[in-house]
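*Asks:* Whatever this is, show me its structure:
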Amino acid sequence: LFRSLTKPWDDDILRYNVSEAFAHYELKHENERLTQELRSANAKLEYKVEQKSQDAEFNMAALQITQDVLEYLPVAVVGVAKDGVLVLANQLAQEYLSGTPILGQQADAVLPTEVVTVYQKVVDGDETWTRQQATLQSQIKVNVQCVALGNTTKPRGWVIVMNSMEDD
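*Replies:* Below you'll find the predicted structure:
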């Protein structure tokens with residue numbers, strides 16, 4: 001029941017009320033259609049969120065495994081950000097370089113001169129990667145390798161790998 005009219009009715013009021021009833025009916029059905037579309041869109045969005053969550057969980061597990069592998073590699077690995085700050089040093093790198101925490105410090109200030117020389121060649125763009133021998137403060141002789149991470153024209157950072165020459 002939309003509205004009630006009393007007799008005798010005015011034809012203009014009757015036409016207006018019938019027109020309003022049709023408009024109300026169309027609006028109700030449009031609302032139902034839009035509600036169904038919204039439910040469908042929400043279901044699709046929930047599915048996508050679930051997929052993204054599963055992807056994120058997988059990537060997090062993969063990252064944790066990668067970090068564990070990196071930590072226990074039989075080579076020293078140091079990561080340097082674009083601004084020259086050390087952002088990664090695995091267990092062996094800590095032992096080779098000082099045994100004290102070096103993360104957050106400038107690479108040039110913490111790394112031995114021979115290592116900085118190798119690193120600086122790559123940073124300056126003289127070479128895409130380089131390798132050189134060095135003797136660290138701990139008197140360990142190492143092969144030092146450095147490579148830019150990412151695009152060679154705009155590196156995201158650098159990785160320095162040092163492996164003991166006794167292992168060769």
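*Asks:* For the rest of this, base every contact and every neighbour count on C-alpha atoms.
*Replies:* Will do.
*Asks:* Distance from the worst-scoring helix or strand of the chain on mean pLDDT to the middle of the chain?
*Replies:* Scoring the helices and strands of the chain by mean pLDDT, DSSP states H and E places strand 129-135 at the bottom, with a mean of 69. Counting by CA atoms, centre = their mean, to the nearest Å, strand 129-135 is centred 31 Å from the centre of its parent chain.
*Asks:* Quick check: next helix or strand after that strand?
*Replies:* Next helix or strand after strand 129-135 toward the C-terminus (DSSP states H and E): strand 141-149.
*Asks:* Quick check: next helix or strand after that next one?
*Replies:* Once the chain leaves strand 141-149, the next helix or strand it forms, by DSSP H and E, is strand 157-164.
*Asks:* That following strand vs strand 129-135, what angle?
*Replies:* Using axes from the mean of the first three to the mean of the last three CA atoms, to 10 degrees, the direction of strand 157-164 lies 40 degrees away from that of strand 129-135.
*Asks:* what mean pLDDT would you report for strand 157-164?
*Replies:* When pLDDT is averaged over strand 157-164, the result is 89.
*Asks:* That strand: partners in the sheet, and parallel or antiparallel?
*Replies:* According to DSSP bridges, strand 157-164 has the following sheet partners: strand 76-81 (antiparallel), strand 141-149 (antiparallel).
*Asks:* And those strands: which comes nearest residue 70?
*Replies:* strand 76-81 (7.7 Å; CA to CA).
*Asks:* quick one, what contacts residue 111?
*Replies:* Contacts for residue 111 (CA atoms under 8 Å, 6 or more residues apart in numbering) come out as residue 97.
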